[in-house]
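> sequence below, structure please.
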Amino acid sequence: MNLLLRNALLLDPETGEYTEGDLRCADGRIVETGRGLTADVRTEDLRGAVVLPGLIDAHVHVTASTADLGSLPSTAPSYVALQSARTMNGMLSRGFTTVRDASGADYGLADAQAEGLFRGPRLLFCGRALSQTGGHGDNRSRGTHRHDDHPCCAGLGRIADGVDAVRAAARDELRKGAHHIKVMASGGVASPTDRIDSTQYSAEEMRAVVEEAEAANRYVAAHAYTARAVNRALELGVRSIEHGNLLDDRSVELFREHDAFLVPTLVTYWALKEEGREFGLPEASWRKVDEVLGAGLAALERAARGGVKLVYGTDLLGGMHRHQNTEFRLRAEVQTPLEVLRSATTVAAELVNLSGEIGTLRPGAHADLLVVEGDPLADIGVLADPQHIRHVVQGGEVVG
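Numbering: from 1, shown residues only. Here you go, the predicted structure:
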């Protein structure tokens with residue numbers, strides 16, 4: 001918990017500037033930075049290596065041990081928990097010290113990580129995503145009638161129809177400690193019976209979810225692809241749009257008007273196309289990938305050019321989690337390395353309401369840090385290839 005890093009290049013993502021010096025951690029927090037610091041604690045002489053804040057991935061599914069999401073509810077919760085712990089262990093090794101789960105994870109996993117029962121990043125969870133019948137969170141096939149929402153079962157979504165039902169569902173997830181509420185506002189790739197270009201939930205239902213989240217000082221994240229679904233969700237008070245591959249110029253205006261965030265997840269479409277079937281993605285879902293794959297980079301470029309707040313997210317499933325850092329390389333096709341780094345540090349921290357706590361090297365923040373070889377502002381490969389990571393520091397302790 002107490003650590004001194006000496007002779008480092010300290011990278012401030014906010015300014016994009018390097019400072020030569022030392023950084024001292026105590027009781028899990030950054031205490032001071034400067035030159036010539038001394039302390040009777042574990043000391044690492046970094047000899048000019050770069051220190052930056054631990055990375056934040058704002059769209060993960062740590063319980064998604066397979067791309068066949070419909071199979072999760074029939075999987076033993078104990079098995080899912082152990083798979084999740086292994087997945088989170090890998091995320092920490094790749095430099096991600098905080099992750100925001102976009103449905104599936106619960107307070108049990110978050111508590112276990114916080115108590116040190118397994119190695120992994122800090123977990124910001126939302127419980128189950130809210131979905132209408134036949135929506136992106138409804139994984140029943142056309143021939144299946146019953147849907148088991150029992151809390152003992154694994155799964156990413158829960159079905160709620162009507163204003164009263166969605167209010168109750170949102171309140172239930174908030175009761176269990178949800179950091180945010182996830183709502184399915186359009187069709188998606190992995191759901192068997194909806195269309196990607198559909199809108200989901202009525203305006204009254206969506207507004208009710210937003211009201212419940214705001215009443216608890218939380219916010220709503222919405223899965224949405226098309227401009228119609230994105231714009232509708234933003235107008236109804238959603239704080240973050242997940243994916244947004246088919247947004248338009250009006251979307252960009254609405255993001256700015258509502259001070260909202262976009263969380264693109266380019267790497268998951270690339271991975272699903274390349275490996276999805278190998279890791280359990282049903283054929284029908286695989287065929288839907290092309291509808292959003294090509295549009296993702298164009299949407300990112302449009303949003304970046306329009307001044308939208310962009311946040312790092314990956315949305316990987318099953319064995320494809322290992323591609324988590326590849327998102328850096330994909331985004332660098334249209335953004336500078338500094339802009340991409342900010343999306344995984346300062347801007348992500350703002351989205352999750354933890355500015356000053358994570359994503360920064362300022363004193364008082366959690367001592368979640370990366371020590372890397374090379375200049376990430378000159379070469380995005382330093383972030384895209386985890387082999388450049390020399391140390392991962394979590395809570396002031398070297399954990400990798």
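> against residue 219, how distant is the nearest residue to residue 356 once chain neighbours are set aside?
Closest residue in space to residue 356, ignoring its immediate chain neighbours: residue 365 at 6.2 Å, by C-beta to C-beta, 6 or more residues apart in numbering. Just so you know, the C-beta spots here come from the backbone N, C-alpha and C atoms, and that holds for glycine as well. Here the distance between residue 365 and residue 219 works out to 21 Å (C-beta to C-beta, to the nearest Å).
> try residue 82
For residue 82, the distance to residue 219 - C-beta to C-beta - is 31 Å.
> the more surrounded of the two?
Legend: neighbour count by other C-beta atoms under 10 Å for residue 82 and residue 219, higher for residue 219 (20 against 13).
> sorry, back to before: would you confirm that the residue nearest to residue 356 contacts residue 346?
No: if you go by C-beta atoms under 8 Å, residue 365 and residue 346 don't touch, sitting 11.0 Å apart.
> work out the gap between stretch 266-279 and the centre of the chain.
Remark: stretch 266-279 is offset 17 Å from the chain centroid, using C-alpha atoms, centre = their mean, to the nearest Å.
> near residue 255, how many other residues are there?
When neighbours are counted by other C-beta under 10 Å, residue 255 comes out with 25.
> near the residue nearest to residue 356, how many other residues are there?
Residue 365: 21 surrounding residues under other C-beta under 10 Å.
> what of residue 6?
For residue 6, using other C-beta under 10 Å, the count is 17.
> which pLDDT value belongs to it?
pLDDT recorded at residue 6 is 97.
> contacting residues around it?
22, 37, 43, 44, 45, 46 (C-beta atoms under 8 Å, 6 or more residues apart in numbering).
> show me which of those residues is closest to residue 293.
residue 46 (40.0 Å; C-beta to C-beta).
> for the closest one, grab phi and psi.
phi -90, psi -10 (degrees, to the nearest 10).
> check which helix or strand the residue lying closest to it once chain neighbours are set aside maps to.
Computed as C-beta to C-beta, 6+ apart, the closest residue to residue 46 that is not its neighbour in sequence is residue 8, at 4.4 Å. Residue 8 belongs to strand 3-12 when assigned by DSSP states H and E.
> mind listing what that strand pairs with, with the direction of each?
strand 17-26 (antiparallel), strand 42-45 (parallel), strand 50-53 (parallel) (DSSP bridges).
> dump these into a markdown table; add mean pLDDT, mean neighbour count and distance to residue 67 as well.
Listed next are these as a markdown table, based on pLDDT from 0 to 100; neighbours: other C-beta atoms under 10 Å; distance: least, C-beta to C-beta, whole Å:
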| stretch | mean pLDDT | mean neighbour count | distance to residue 67 |
| --- | --- | --- | --- |
| strand 17-26 | 97 | 18 | 38 |
| strand 42-45 | 95 | 15 | 39 |
| strand 50-53 | 98 | 26 | 31 |
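> may I see those organised as JSON lines, with distance to residue 372 added?
As requested, those are arranged in JSON lines below (distance: least, C-beta to C-beta, whole Å):
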{"stretch": "strand 17-26", "distance to residue 372": "12"}
{"stretch": "strand 42-45", "distance to residue 372": "13"}
{"stretch": "strand 50-53", "distance to residue 372": "5"}
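> pull the number of nearby residues for residue 72.
20.
> and it, helix, strand or coil?
State at residue 72, reduced to three classes by DSSP: H, G, I helix; E, B strand; the rest coil: helix.
> do you know how far it is from residue 79?
In terms of C-beta to C-beta, residue 72 sits 10 Å off from residue 79.
> likewise residue 48?
Taking C-beta to C-beta, one finds residue 48 at 45 Å from residue 79.
> ok, now residue 322?
Distance from residue 322 to residue 79, by C-beta to C-beta: 20 Å.
> the two - which one has more neighbours?
For residue 322 and residue 79, the more surrounded residue by other C-beta under 10 Å is residue 322, and the numbers stand at 15 against 11.
> ok but that one is inside a helix, no?
Yes: Residue 322 forms part of a helix when assessed by three-state DSSP.
> quick revisit: list residues touching both of residue 365 and residue 346?
residue 359.
> strands along the stretch 201-350 of the chain, start to end?
220-226, 240-246, 261-263, 309-310 (DSSP state E, counting those that start in this stretch).
> check which helices and strands the last one sits against.
So that's strand 309-310. strand 261-263, helix 290-305, helix 346-351 (3 or more C-beta pairs under 8 Å, 6 or more residues apart in numbering; DSSP states H and E).
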